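Asker: Got a sequence here, can you build the structure:
(chains A and B)
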Amino acid sequence: MKKLLIGTALAAITTAGSAMADDHTSACLITKTDTNPFFVKMREGATATAEKLGIKLNSYAGQIDGDNESQVAAIETCIANGASGILLTPSDSAAIVPSVEAAREAGLLVIALDTPLDPIDAANATFATDNFLAGELIGAWAAASLGEDAANAKIAMLDLAISQPTVGVLRDQGFLTGFGIDTVDVSQWGDETDERIICNEVTSGNEEGGRLAMENCLAVDPEINVVYTINEPAAAGAYEALAAIGREDDVLIVSVDGGCPGIKNVADGVIGATSQQYPLLMASLGIEAIAQFAADGTLPQNTEGKNFLDTGVSLVTDKPAEGVESISVAEGTDLCWG
Amino acid sequence: MAEADNYEDTVKGKKEVDFAQFEDTKSGLLGRIQHALHVNPALVPLIILVFAIALFGLLLGQRFFSAGTLTLILQQVQIVGVLAAAQTLIILTAGIDLSVGAIAVLSSVIMGQMTFRYGVPAEISILIGFAFGAGIGAVSGFLVSRIKIPPFIVTLGIWQVVLAANYLFANNQTIRSSDLRAEAPALLFLGNRVEIGGANFTFGVILMILIFIALGYALRSTAWGRHVYAVGDDPEAAQLAGVNVKRTLMSVYMLTGLICAVAGWVMIGRFSSVSPSASTGVIGNIQSITAVVIGGLSLFGGRGSIYGALFGAMIVGVFELGLRMAGADPQWTFMLIGMLIIGAVGLDQWIRKVSA
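Answerer: As a prediction, the model looks like this:
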């Protein structure tokens, strides 16, 4: 019985084997999950560009955020499939590095999207938002909007996670720099001594965490009037906590991301200003870079003065502040994702 | 008294007597298949495995049906495979272990941090990791066998405790491959590989297969192994037959913990890094139960072959890699695996009727 089965399978395979060979350039997109709108938009951008350039695109994702194992398996699949390049948003930016090295040894171009690898040069290139600049923009906007009151501001810092992922540190320290507060050690948050910072709380980047963190901060000082948030869902949660005590109208909430629900919250006055990033552009530029690499071996170049390719960031607000460049909510809505 | 003592008469008098026999009363092809499956519980998963490989071989051609890709599947299932071996032991005793993945991750973190934080030689760190795994298993075993808390509840609790301890202890630090290579190559030992033709066998894969062979032998041919089956089938009957049920359960849980710790070492070899947030900690339990169930082991305990669990893990691996290479949405894999689980348990119920 067993022998018969194996024999049949072998016979069938040898006849079909060579018929499947195809000479298309193929590329892989590996995201942290396939449910977060940020990655959905990334996938859309990659798919559209791949179709335009005649590249076969395979997309993979982890089951949960932080799922390194699935990403390792996905990279192995891309190598086995003979892909030309991989676009990767690493779930664990240090742990994935050996797999990335294996892919590069096998001759694939590896581009990190959105989240840099640790170390950053483990990938051939990184296409990402300048998160420090994103923070700086909202910091400068908040300071300019407050005017003279900025000197007596009471600030709540709603961060991402206690493990201080790079993206959270960059946005936090960028915000403080933009606001004009000494960051002490720029590679970590929470070590600042400025008395205007009332609290540093973590939110996990979602509504629930944002609300809880804001409640904790208000327990420390109910007079908080500036709230920095790691992203827009956290901002929405913070707003609910403020609304519960009737202070939603006299607090400035700033955020980073630029997702469509977030931009809508800017329009509704929930968020004062947000820095918008462009996942679709990251992915489409990435696919173009892989096509170029497959054609003649050209490697992508970094933005001048940075160790990654900056895909741009814009401040979205309907209350522009003097000296801080911004785009309107209408423009932001056209460019938003999710 | 005298009358009660004549139970040996049949033997002494050498009379021909029909003893009670298990006779195969079902006839027809279906009946015979049912019987064959009952006798060889690993047959179904093996057939599905061969079919799955043939199917993807047809769909994907040489890319899939090459020595490199087929051995890649083994590399991708080595962690789940080792965890499934551990899970099999528990399930054979009619229990379930939700903490296997968490123990593996914590053990890997202990092995890494012992070396990098406390400067313990890597070889010793590995042994400390093993001891921790067995120790956690001993706690579960004690709670199950002595305090009589249901295994589901015990391991649900242990899972959370171990996972939390893991994050707290690791301080959310990932130990990177360059550091491991430079300072603790012993931790990476199972990542080494032997190449035969295009086939790649990592030491982790070989260890996984050795674990299955060893457990397969122990379960089939040692008194301990038969006791495990007996305890799972009917603990009261086993007790009456002179099996030390408590000690057997204790040994099973400790061995399971130890094997989970080995899985932790396998993880370090496979990923060349030590990360407390490895998803095995969260989903390793479900993955291993899936492999065991698809492998035809009965969740009611006492029945099934440990090789079934290996085939079950490989079936999942074949579908995952095959569908990925075909460029299908990963959700299709999960949907198919869900259907396989239900199909496997349905089949198990049907096979059970043979003995009813």
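
Asker: contacts, neighbours, all on C-alpha from now
Answerer: OK.

Asker: quick one: A:Ala61 from chain B, how far?
Answerer: Going from A:Ala61 to chain B by CA to the nearest CA, to the nearest Å gives 7 Å.

Asker: Quick one: residues contacting that residue.
Answerer: The neighbours of A:Ala61, taking CA atoms under 8 Å, 6 or more residues apart in numbering or on different chains as the test, are A:Ile30, A:Thr31, A:Lys32, A:Thr33, A:Asp34, A:Ser70, A:Gln71, A:Ala74, B:Pro330.

Asker: Return the per-residue confidence for the residue in the stretch 151-300 of chain A positioned nearest to chain B.
Answerer: At 6.1 Å from chain B, A:Ser163 is the closest residue in the stretch 151-300 of chain A, using CA to the nearest CA. On pLDDT, A:Ser163 comes in at 73.

Asker: Next step: the contacts of A:Ala61 restricted to helices.
Answerer: When DSSP state H is applied, these are split such that A:Ser70, A:Gln71, A:Ala74, B:Pro330 fall in helices.

Asker: so, if you compare these, which one comes nearest to A:Asp182?
Answerer: A:Gln71 (38.1 Å; CA to CA).

Asker: In three-state terms, label the residue of the stretch 151-300 of chain A closest to chain B for me.
Answerer: coil (DSSP: H, G, I helix; E, B strand; the rest coil).

Asker: which element is the residue nearest to it when sequence neighbours are not counted on?
Answerer: Once flanking residues are discounted, A:Ser163 sits nearest to B:Asn172: 6.1 Å by CA to CA, 6 or more residues apart in numbering or on different chains. Using DSSP states H and E, B:Asn172 sits within no helix or strand.

Asker: which residues does B:Asn172 contact?
Answerer: B:Asn172 makes contact with A:Ser163, B:Ser275, B:Pro276, B:Ser277, according to CA under 8 Å, 6+ apart.

Asker: Next one: the first one relative to A:Gln188, how far apart?
Answerer: A:Ser163 sits 10 Å away from A:Gln188 when distances are taken as CA to CA, to the nearest Å.

Asker: more crowded one of the two?
Answerer: A:Gln188 (17 against 12; other CA atoms under 10 Å in any protein chain shown).

Asker: Confirm that the more buried one lies within a strand, as I assumed.
Answerer: No - looking at A:Gln188 with three-state DSSP, it is coil, so not inside a strand.

Asker: domains of chain A?
Answerer: As given by automatic domain parsing, the domain ranges for chain A are A:24-129+A:279-301, A:131-277+A:313-335.

Asker: so how far is the first one from its chain's centroid?
Answerer: Pointing back at domain A:24-129+A:279-301 there. Its chain's C-alpha centre and that of domain A:24-129+A:279-301 lie 14 Å apart, by CA atoms, centre = their mean, to the nearest Å.

Asker: How about stretch B:99-109?
Answerer: The chain centroid and the centroid of stretch B:99-109 are separated by 14 Å, computed with CA atoms, centre = their mean.

Asker: any low-confidence regions in the stretch 1-150 of chain B?
Answerer: Filtered on pLDDT under 70, the stretch 1-150 of chain B yields the residue ranges B:1-27.

Asker: pretty sure B:Ala134 is touching B:Val252, no?
Answerer: No - in this structure, B:Ala134 is not within contact of B:Val252 by CA atoms under 8 Å, at 10.1 Å.

Asker: Would you quantify the distance from the residue in the stretch 151-300 of chain B that chain A sits nearest to to B:Leu310?
Answerer: Per CA to the nearest CA, B:Ser279 is where the stretch 151-300 of chain B lies closest to chain A, at 5.0 Å. Separation of B:Ser279 from B:Leu310 (CA to CA): 21 Å.

Asker: more neighbours, the two?
Answerer: When B:Ser279 and B:Leu310 are compared for neighbours, B:Leu310 comes out ahead with 30 against 21, by other CA under 10 Å.

Asker: Could you pull up phi and psi at B:Gly281?
Answerer: Per-residue torsions, B:Gly281: phi -60, psi -30 (degrees, to the nearest 10).

Asker: before we move on, the earlier item: spit out the contact partners of the residue of the stretch 151-300 of chain B closest to chain A.
Answerer: Counted by CA under 8 Å, 6+ apart, B:Ser279 has contacts A:Ile64, A:Gly66, A:Asp67, A:Asn68, A:Glu69.

Asker: which one of the residues you listed has the most neighbours?
Answerer: A:Asn68 (27 neighbours).

Asker: just to revisit the earlier point, now render the contacts of B:Asn172 as JSON lines, adding secondary structure.
Answerer: JSON lines is the format used below for these (three-state DSSP):
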{"residue": "A:Ser163", "secondary structure": "coil"}
{"residue": "B:Ser275", "secondary structure": "coil"}
{"residue": "B:Pro276", "secondary structure": "coil"}
{"residue": "B:Ser277", "secondary structure": "coil"}
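
Asker: Tell me which two in the residues you listed are the farthest apart.
Answerer: Across these (CA to CA), the longest gap, 12.6 Å, separates A:Ser163 and B:Ser275.

Asker: Around chain A, pick out the residues from the stretch 151-300 of chain B.
Answerer: Within the stretch 151-300 of chain B, the positions adjacent to chain A are B:171-172, B:174-177, B:271-275, B:277-280 by CA under 8 Å from any CA of the partner chain.

Asker: By pLDDT, rank those residues and give me the bottom one.
Answerer: Ranked by pLDDT, these bottom out at B:Asn172 (70).

Asker: For it, give its distance to A:Ile253.
Answerer: B:Asn172 is 29 Å from A:Ile253, by CA to CA.

Asker: Over to B:Gly95?
Answerer: B:Gly95 is 52 Å from A:Ile253, where distance means CA to CA.

Asker: Show me how far the strand or helix carrying A:Cys199 is from its chain's centre.
Answerer: Element membership of A:Cys199, judged by DSSP H and E, is strand A:197-202. Offset of strand A:197-202 from its chain centre (CA atoms, centre = their mean): 22 Å.
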